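[1] Fold the following, please.
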Amino acid sequence: MTTAIRTLAAWAALTAAHDVADHWVQIDTQATAKGRPGLEGARACAAHVATYTATQALALAAADRLLGLRLDWGRAALGLAVSAATHYAADRQGGHWGDEEPRGVARLAAATGHATWLRRDPGAGYLMDQAWHRGWIAVAAVVAGGGRP
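    Predicted coordinates:
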């Protein structure tokens, strides 16, 4: 099995699991609280990212077993950590994508010329959030699907 095939299969598993975890597994109390300041927000976001990462790990393990990928699980764990850390970083900002004073990843989006769109279009924040996650999932898949040492 080539590194490219392992990486593509890892990307497919991680991406599908992302959609399930972000929209089906995450509960409403996590979604509404994860961007709040302080311990309440941090706990809600950590709980969401824990179930998100578990969902991705299960999908990656299923793909590994069913497709015979022979993933290196040290690399897979590192890929999952990349996905989890970047997911937490984006989700801790909560619904602040279109704020006049954005924070976190929303600040980066505003600094790269997206502030007007984020304020004008109520769906822009969600699209930027999902693009952020999927971009990092691609990085995580490259890490997870990399060659066996």
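
[2] Every contact and neighbour count from this point should use C-alpha atoms.
    Noted.

[3] Please tell me how far the nearest residue to residue 42 once chain neighbours are set aside sits from residue 142.
    Among residues not flanking residue 42 along the chain, residue 34 sits closest, at 6.3 Å (C-alpha to C-alpha, 6 or more residues apart in numbering). According to C-alpha to C-alpha, to the nearest Å, residue 34 stands 28 Å off from residue 142.

[4] Which one of these two is surrounded by more residues?
    residue 34 (27 against 21; other C-alpha atoms under 10 Å).

[5] any idea how far residue 120 is from that one?
    Counting by C-alpha to C-alpha, the gap from residue 34 to residue 120 is 24 Å.

[6] cool, and residue 86?
    26 Å.

[7] Equivalent analysis for residue 44, please.
    Noted for residue 44: a distance of 28 Å to residue 120, by C-alpha to C-alpha.

[8] Compare these two (neighbour count), which wins?
    Taking neighbours as other C-alpha under 10 Å, residue 44 and residue 120 compare with residue 44 leading, 23 against 10.

[9] so after the helix or strand where the more buried one lies, what's the next helix or strand?
    Taking DSSP states H and E as the definition, residue 44 sits inside helix 38-67. The first helix or strand that comes after helix 38-67 along the chain, using DSSP H and E, is helix 73-91.

[10] Can you pull out the residues in contact with that following helix?
    Helix 73-91 is contacted by residues 34-35, 45-46, 49-50, 52-53, 56-57, 104-105, 129, 132-133, 136-137, 139-146 when judged by C-alpha atoms under 8 Å, 6 or more residues apart in numbering.

[11] ok, 6 Å please
    Helix 73-91 has contacts (C-alpha atoms under 6 Å, 6 or more residues apart in numbering) with 105, 137, 140, 143-144.

[12] That one: how far from the chain's middle?
    Put simply, helix 73-91 sits 8 Å off its chain's centre (C-alpha atoms, centre = their mean, to the nearest Å).

[13] Likewise for stretch 75-95?
    Per C-alpha atoms, centre = their mean, the centroid offset for stretch 75-95 relative to its chain is 5 Å.

[14] Which of the residues in that stretch are classified as buried?
    Buried residues in stretch 75-95, counted by 16 or more other C-alpha atoms under 10 Å: 75-76, 79-80, 82-84, 86-88, 90-95.
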